[in-house]
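Undergrad: predicted structure and sequence below. I'll ask about it afterward.
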Number of protein chains: 2
Amino acid sequence: MKETILERRTRLLGPNVPTFYETPVHLVKGEGVWLWDADGRKYLDCYNNVAHVGHCHPHVVKAVSEQAATLNTHTRYLHDGILDYVERLTGKFSHDLSQAVMVCTGSEANDIAMRMAQAVTGKTGFIATDNTYHGNTALVSQISTRKPPIGGYSDAIRLVPSPDTLNPLGGDLATQGAAFRREIQQAIDDLNERGVGFAGMVLCPSFCNEGFPSLHDGFLDEAVKVIRAAGGLIICDEVQPGFGRVGSHWWGHERVGFAPDIVTLGKPMGNGHPVAAVVTRPDVMAAFREAFSYFNTFGGNPVSAAAASAVLDVIEGENLVQNARDVSDYAIAQMDLIDHPYKVNVRGTGLFFGMEYMDHDGNPASVFVVRVVEEMRKRGVLMNAIGRHRNTLKIRPPLVIKKPEIDFALEALSAALKVVPL
Amino acid sequence: MKETILERRTRLLGPNVPTFYETPVHLVKGEGVWLWDADGRKYLDCYNNVAHVGHCHPHVVKAVSEQAATLNTHTRYLHDGILDYVERLTGKFSHDLSQAVMVCTGSEANDIAMRMAQAVTGKTGFIATDNTYHGNTALVSQISTRKPPIGGYSDAIRLVPSPDTLNPLGGDLATQGAAFRREIQQAIDDLNERGVGFAGMVLCPSFCNEGFPSLHDGFLDEAVKVIRAAGGLIICDEVQPGFGRVGSHWWGHERVGFAPDIVTLGKPMGNGHPVAAVVTRPDVMAAFREAFSYFNTFGGNPVSAAAASAVLDVIEGENLVQNARDVSDYAIAQMDLIDHPYKVNVRGTGLFFGMEYMDHDGNPASVFVVRVVEEMRKRGVLMNAIGRHRNTLKIRPPLVIKKPEIDFALEALSAALKVVPL
């Protein structure tokens, strides 16, 4: 018997290596918002935030190829690439967020960010929400409830309930911000009582993993106030909302309207090339650089800087932030028109959408949503589920998606919703 | 006044970002063993183990460029690239080291390896040497004396004295292995007394950062015995010696002749592309994969797998392990001929050489060696210093270096040694 690709994968990579879908897609080619599998089947990518400016964007491919053929070594030697890029990147931030460390993954970025907060405060305690993921190093897995750390959570970690659209903290959407602030204050008090002290809070400004609840401008103002009053730093994980995905702004924290002390960047930054960064103020950077002699061999190497710079070129040159805004408004209007007895909520910011489903008894329709995801895959559209109960369709296409492709996806969704049993 | 590149670097990246040389080299181009700076000055690279098969090797550049233009997404979808590579990579290991996790950096690899040992043993304590570096995540910096962790070492870490050529542990090269074993046993006992228990020891099989002492085959046998007897795992960091650099074998642990439980790979693996890996036995992998749901977005993506695979092609196609052996013997013979009153030792394994210097009072000639390094840079040859006192010239060229280039380097060294004041 010939070994299947899944059997081969288990033999070589081990058990329990995550895949998407009951029958995972075996991809061989990508272009723009489209992917092709080994059988020549075409899929519309409505999920991938790595291929931010579209799969295999020729401008990014050219930048990577040319730089790889010219020079690719580490940053203990001087090179203009990393400097040109950091100058350009930090130019997109306010709040004196003017310096950066370039690394290879969002996990590395958050691992550094947490140590920056420790270096500044001299404390070790962190707060995150109770339904999130910020990365996979030993330290960062301490604030990742999706992948709990080996050996359990340390005393230095406190998890607070995450905000929600349909079940807001405190029972009321209008006062959810105050309820979130009270939870954070309680966690800070706990960390101080435990003697570890409070170094900071790590949060995604769109609470993407939490199910991207509908949040109003200023939602975090009260939380920010108590974090600052306690001497903690705010680490803003922009791995998902950053680089224009929110449509209204370049960064998720701008949309919600607060000033982070540290911003971490990852997935979309190099359109698939392993590049990530930590952006912060000079005072925070100096505290970190004095406390720890950090050097990352591949971080900010000439090819990584070229890939990241090309991504900025494309976002700017193709007006992709504007595109995210325009397509977002259109898509939400179209999603609102979709009729289904389980459908209870449509929400979205830029090119990040959710469609939430509850059954007739008012319970999260988790199994139903998984079946819809599988049905969509059969119909050639890749999306996924999210939220505490995974009863929300998560739709997060590359930033280059246009209205006709949204139509294609939503027509498939309407058809899928008709055939998936209640 | 125009801002210099160093001033610009400090403004954008912050203070205390490490560079090489008093006046760092500003590189713009690389090819094979050669590098060019912004003024058109040419340098022989005798230090870089990232550009393992030579700077900008056309076969690797082509593989990266073609795959980047075809598909580059994450491994939650199936792709043959990662499987073909892991099959080929693990084929180069014995001891049932038949499965791998692909990641982006050596730091990520060691961060996982340590958690694998924790998952297998249920203990948290680690041993490393007192003069080493294994990476820069919060966890891995706990076993990195070159870059001590923020907040100091935890109770779960014990550092043992590293082996040395001129000052062997226990005073005698022949019995240094037994002395090393006694230190490790003491550290294991301490970890058990502290209640953290012993998860494993992380070591470089060539003790590269420690100054790559001369070690005989079987040097680690006694240490391995007490580690195993205590139930700990041996994590072998092959970031520096791996991929044929030692010349006699593909891996450093083969040269010393022991069986690691986990092997970590990094720098040379993708010739500059950010790719790294953890290779282990199925039982260790299963323990890790059951304890922690690990997923690395960029790890093993199609471009990373293509880069890494192309590096294997070149090592095999150009017989670079054989080249490392041949050039090594030649280089050591030539280095032995160099005459200088401070020169006390020449050593090397494959394309990793040391030349140690002591002054007339028998003290490490640290300042002298730094001056030699600077003088070599002026003469167009890049190398560096290493060892506890940084009194050993460290010469570690790309694996494609040939005898005429060794001659060029050593002629420059002879001349440099004549002009650097004692």
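TA: That came in fine, so what should we check first?
Undergrad: going forward, measure contacts between C-alpha atoms and count neighbours the same way
TA: OK.
Undergrad: what is the burial count for the residue nearest to A:His360 when sequence neighbours are not counted?
TA: What sits nearest to A:His360 in space, not counting adjacent residues and going by Cα to Cα, 6 or more residues apart in numbering or on different chains, is A:Tyr342, at 7.0 Å. For A:Tyr342, the number of neighbouring residues by other Cα atoms under 10 Å in any protein chain shown comes to 20.
Undergrad: at which residues are the helices of the stretch 151-300 of chain A located?
TA: Applying DSSP state H, counting those that start in this stretch to the stretch 151-300 of chain A gives helices spanning A:176-194, A:221-229, A:252-256, A:282-291.
Undergrad: looking at the ones you listed, which is nearest to chain B?
TA: Set against chain B and scored by Cα to the nearest Cα, the helices of the stretch 151-300 of chain A come closest in helix A:282-291, at 5.9 Å.
Undergrad: after that closest one comes which helix or strand?
TA: Toward the C-terminus, helix A:282-291 is succeeded by helix A:302-317 as the next helix or strand (DSSP states H and E).
Undergrad: show me what that following helix is packed against.
TA: Using 3 or more Cα pairs under 8 Å, 6 or more residues apart in numbering or on different chains; DSSP states H and E as the contact criterion, the secondary-structure elements in contact with helix A:302-317 are helix A:58-70, helix A:80-90.
Undergrad: is chain B within reach of the longest one?
TA: Yes - shown here: helix A:58-70 in contact with chain B (Cα under 8 Å from any Cα of the partner chain) through A:Pro58, A:Val61, A:Lys62, A:Val64, A:Ser65, A:Ala68, A:Ala69, A:Thr70.
Undergrad: would you mark the buried spots in that helix?
TA: When neighbours are counted by 16 or more other Cα atoms under 10 Å in any protein chain shown, the buried residues of helix A:58-70 are found to be A:Pro58, A:Val60, A:Val61, A:Lys62, A:Ala63, A:Val64, A:Ser65, A:Gln67, A:Ala68, A:Ala69, A:Thr70.
Undergrad: the closest residue to the last one other than its chain neighbours: how many residues sit nearby?
TA: To tie it back to what came earlier, the one meant is A:Thr70. Counting by Cα to Cα, 6+ apart, B:Lys29 is the residue found nearest to A:Thr70 once chain neighbours are left out, at 5.3 Å. Applying the criterion other Cα under 10 Å, we find 20 residues in the vicinity of B:Lys29.
Undergrad: likewise A:Asp336?
TA: For A:Asp336, the neighbour count with other Cα under 10 Å is 13.
Undergrad: next one, pLDDT for it please.
TA: Here, the pLDDT recorded for A:Asp336 equals 97.
Undergrad: that one contacts A:Val346, doesn't it?
TA: Yes - using Cα atoms under 8 Å, A:Asp336 and A:Val346 qualify as a contacting pair, with a distance of 6.6 Å.
Undergrad: what's whichever strand or helix holds the residue nearest to A:Thr70 packed up against?
TA: Using DSSP H and E, B:Lys29 sits within strand B:27-31. With contacts taken as 3+ Cα pairs under 8 Å, 6+ apart, strand B:27-31 sits against helix A:58-70, strand B:34-37.
Undergrad: relative to A:Ala310, which of these is closest?
TA: With respect to A:Ala310, and counting by Cα to Cα, the nearest of the helices and strands packed on strand B:27-31 is helix A:58-70 at 5.1 Å.
Undergrad: which residues sit in contact with the most centrally placed residue in chain A?
TA: Centroid-nearest residue in chain A: A:Gln240, 2.1 Å away (criterion: Cα atoms, centre = their mean). With contact set as Cα atoms under 8 Å, 6 or more residues apart in numbering or on different chains, A:Gln240 has these partners: A:Asn49, A:Cys204, A:Cys208, A:Gly266, A:Lys267, A:Pro268.
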